[in-house]
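Visitor: Just the structure for this:
(one chain, ligands or ions: 1)
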Amino acid sequence: MRALVVRRYGPPEVFESQQVPDPQAKAGEVLIRVKAIGVNFADLLQRMGLYPATPKPPFIPGLEIAGVVEKIVEGGRRGEGEELKPGDAVVALPHFNAYAEWAAVPASVVYRLPPGMPFEDGAAIPVNYLTAHHAMFTMGNLQPGDRILIHGAAGGVAIAAVQLARAKGLVVFGTAGPAKQEYLRKIGVDHPIDYEKSNFVEVVRKFAPNGIEMVMDAVGGKSFARSYKCLGPTGRLVVYGFSAAAGPDGKRSWWRNLVAFAQTPRFHPLKLMGQSVSVIGVNLGQVQSRGALLRGELDELFRMYTAGKIKPAIGKTFPLDQAAAAHQYIHDRKNIGKVILSVK
Ligand SMILES: NC(=O)c1ccc[n+]([C@@H]2O[C@H](COP(=O)([O-])OP(=O)(O)OC[C@H]3O[C@@H](n4cnc5c(N)ncnc54)[C@H](OP(=O)(O)O)[C@@H]3O)[C@@H](O)[C@H]2O)c1
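Guide: Okay, the predicted model is just below:
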């Protein structure tokens, strides 16, 4: 099969389109003919060798696919996943190996698509919407009228968070670069904030002098400390990423990593208690071990999709062979919404 292989950790040019052996599904796995691949920020970190548990190169990156079930190999652990049959349209969340024509994935992380959902939408929903939904409602217990600040609000997870916030009747603050301000208004961010022009803590405090209920922060480094300052009593800071480590050039930089790490605040439990706030960590990879919980959340999201309450914003679709261009596009911060790789 054809696959996009990372030859060594590094910038997008390290991708190479190669013919590699087809994957062989083992007991408990599903063999999937891949139609669309969701490109996630995590893929960039995998390519750079900055993502936890990334294999040594050469390897095939990527963790989100939509496609068609070719075969199911029985004999895996019981009770994992729904009953699938060949020909089913599905989405799946492998840890790696998504940038290819075929993928063998444990049945526990394969989910049937609702009827009529295009593969591109399928590949754009699970990671972004599950991350947002899990943070905001399962961990965060947000209620109508609550106020949320979403960073990088024109990005994949963030747009999902904005849509879910609006569906729940929340008040939304959103940061983004200057070129994305109009888009934030279009998708219904109540308080768009251009982080180059304004200090987001001041903007939040201006509209909510006593602080807000949630901040979703995947920027990391010093941003965590500033986000924390936006919280009021009952406030929740969701930390779910560390984009600050990536930088604009797509190259690995231990120095940049170190600086971002050094700027990361430590949260003392007594201070959290004193202020009655929480810091919530979300890592979808870990939540996958709570299979029933995640499946229930995805069912809810698919119901919302079918009812027209959410709709993934697909920024741009590249052919699989152009994975390097797709990654560069995200490094250049040109993407608004989800980037997809399509497989013909
Ligand atoms: N914990 C989890 O389970 C989980 C799951 C999914 C994603 N994530 C994390 O969530 C974050 C967003 O992921 P995503 O897939 O939604 O990404 P995305 O669509 O590429 O959006 C990221 C946004 O972040 C901003 N940004 C900040 N620093 C950046 C940098 N160094 N390079 C490029 N963009 C940068 C950009 O907005 P501006 O141009 O407006 O600055 C961009 O639109 C990432 O940190 C990712 O690792 C975590």
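Visitor: distance between the ends of stretch 327-340?
Guide: This stretch, stretch 327-340, spans 10 Å end to end (CA to CA, to the nearest Å).
Visitor: actually stretch 111-128, not the one I typed
Guide: Terminal residues of stretch 111-128 are spaced 15 Å apart (CA to CA).
Visitor: Give the buried residues for that stretch.
Guide: Within stretch 111-128, the residues scored as buried using 16 or more other CB atoms under 10 Å are 111-114, 117, 119-128. C-betas here are computed from N, CA, C, even on glycine.
Visitor: Now for the residues you listed: which two are most distant?
Guide: The largest distance within the buried residues of stretch 111-128, taken as CB to CB, falls between 112 and 128 and amounts to 18.9 Å.
Visitor: Check the offset of the worst-scoring helix or strand of the chain on mean pLDDT from the chain's centre.
Guide: The weakest-scoring helix or strand in the chain, judged by mean pLDDT, DSSP states H and E, is helix 254-262 (a mean of 88). Here helix 254-262 is found 22 Å from its chain centre; the criterion is CA atoms, centre = their mean, to the nearest Å.
Visitor: which helices and strands does it pack with?
Guide: Packed against helix 254-262, as judged by 3 or more CB pairs under 8 Å, 6 or more residues apart in numbering; DSSP states H and E, are no other helices or strands.
Visitor: go again using 10 Å as the cut-off
Guide: Under the contact definition 3 or more CB pairs under 10 Å, 6 or more residues apart in numbering; DSSP states H and E, helix 254-262 sits against helix 222-228.
Visitor: Show me what the helix it packs on is packed against.
Guide: Packing partners of helix 222-228 (3+ CB pairs under 10 Å, 6+ apart): helix 200-207, strand 212-217, strand 231-239, helix 254-262, helix 269-275, strand 278-281.
Visitor: Save those as TSV, and put in mean neighbour count and distance to residue 334 too.
Guide: Shown next, in TSV, are the helices and strands packed on helix 222-228 (neighbours: other CB atoms under 10 Å; distance: least, CB to CB, whole Å):
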stretch	mean neighbour count	distance to residue 334
helix 200-207	16	22
strand 212-217	27	22
strand 231-239	20	26
helix 254-262	14	21
helix 269-275	11	38
strand 278-281	16	29
